[in-house]
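Engineer: Any chance you could fold what I've pasted below:
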Amino acid sequence: MSDPLKIALVAEGPTDLEVIQAALKAILPDPFIMTLVQPEATQPQMGCGWGGVLKWCDAAQQRHHGSLDTDPTLMSFDLLIIHVDVDVSTGEYGNCGAAVAELAQPKNWGTLPCSQPCPPVADTVEALMMAIQSWLGGATPGDRTVFCLPAQSSGTWLAAAVLAPGHPLLAKGECNVNLENRLATLPKGQRIKKNKRDYQVHGPSITQHWTQVKGLCTQAANFEQTVLTVVRSLE
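Structural biologist: A predicted model of the protein is given here:
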């Protein structure tokens, strides 16, 4: 494509943006322009975290029925990425507040928690995907929609990039819901706090060591394959 790929990102928060952007720099051969559409400063009522993604999905189905490819607010983008960490499978709607919890049954949202025995992580990913698609209701994923579901979180991909392959923290990494938090407890000089600055500093490691990340994280490899399939269809 002659023009830079235009990507819309729906994510839990700014640290996830840094991880996904770094991954895309390794996956895509050409420059791209990514716009964070959720969380978005002009829509503070949506909030951050997976609750914000849920609210965005619910708003999308209220605004538009049918393929997200034909949603007027998204048609200018070549690619839509919807991100949710797999550890959301251990949560419940009440984590997002009583008002959200009260909507779950009448809106027929998928069951949470929905985590399955791990390994393999694939069973939990499948269950979580069903929940996410239920949030979208009548707004169906389009041919240009890609789901990014890092297991158990985007911090796992960062850990796989910055830690040596045999590091104890990486044992059963995609099943370890505490791995991201454990990065902040590493010895001084190695620790990575979950904030935009630290993830921005270490993001280039994801780009540089993406092959290593894919080798340790099946969800990273799945994300790459899906992105490349969509991009090739645009050529």
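
Engineer: can you list the weak-confidence ranges in this structure?
Structural biologist: 1 (pLDDT under 70).

Engineer: which residues touch the biggest helix by length in it?
Structural biologist: Secondary structure of the chain read by DSSP state H shows that its longest helix is helix 218-234. Here helix 218-234 makes contact (CB atoms under 8 Å, 6 or more residues apart in numbering) with 1, 5, 23-24, 27-28, 78-79, 81, 86, 121-122, 125, 143-144, 146-151, 157, 160, 174, 210, 213-214. C-beta: built from backbone N, CA, C; applies to glycine.

Engineer: Generate a PyMOL selection restricted to the buried subset of those residues.
Structural biologist: To isolate the buried members of the contacts of helix 218-234 in PyMOL, using 16 or more other CB atoms under 10 Å:
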select buried, resi 5+23+24+27+28+78+79+81+86+121+125+144+146+147+148+149+150+151+157+160+174+210+213+214
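
Engineer: Can you show me the helices along this structure?
Structural biologist: Under DSSP H, the chain gives helices at 14-27, 49-63, 98-104, 122-136, 154-162, 179-182, 196-208, 210-216, 218-234.

Engineer: So what's the gap between the fifth one and the chain middle?
Structural biologist: In this case it means helix 154-162. Taking CA atoms, centre = their mean, to the nearest Å, the mean C-alpha location of helix 154-162 is offset from the chain mean by 13 Å.

Engineer: now the angle between helix 218-234 and it, please.
Structural biologist: Angle between the axes of helix 154-162 and helix 218-234 is 100 degrees (criterion: axes from the mean of the first three to the mean of the last three CA atoms, to 10 degrees).

Engineer: Check which helices and strands helix 154-162 is in contact with.
Structural biologist: Using 3 or more CB pairs under 8 Å, 6 or more residues apart in numbering; DSSP states H and E, the elements in contact with helix 154-162 are helix 14-27, helix 179-182, helix 196-208, helix 210-216.

Engineer: so of these, which one's packed in deepest?
Structural biologist: Among the helices and strands packed on helix 154-162, helix 14-27 has the highest mean neighbour count (mean count of other CB atoms under 10 Å), at a mean of 22.

Engineer: Residues in contact with that one: which ones?
Structural biologist: 7, 9, 11, 32, 34, 36, 39, 81, 83, 85, 148, 150, 154-155, 157-158, 194-196, 199-200, 203-208, 210, 213, 220, 223-224, 227-228.
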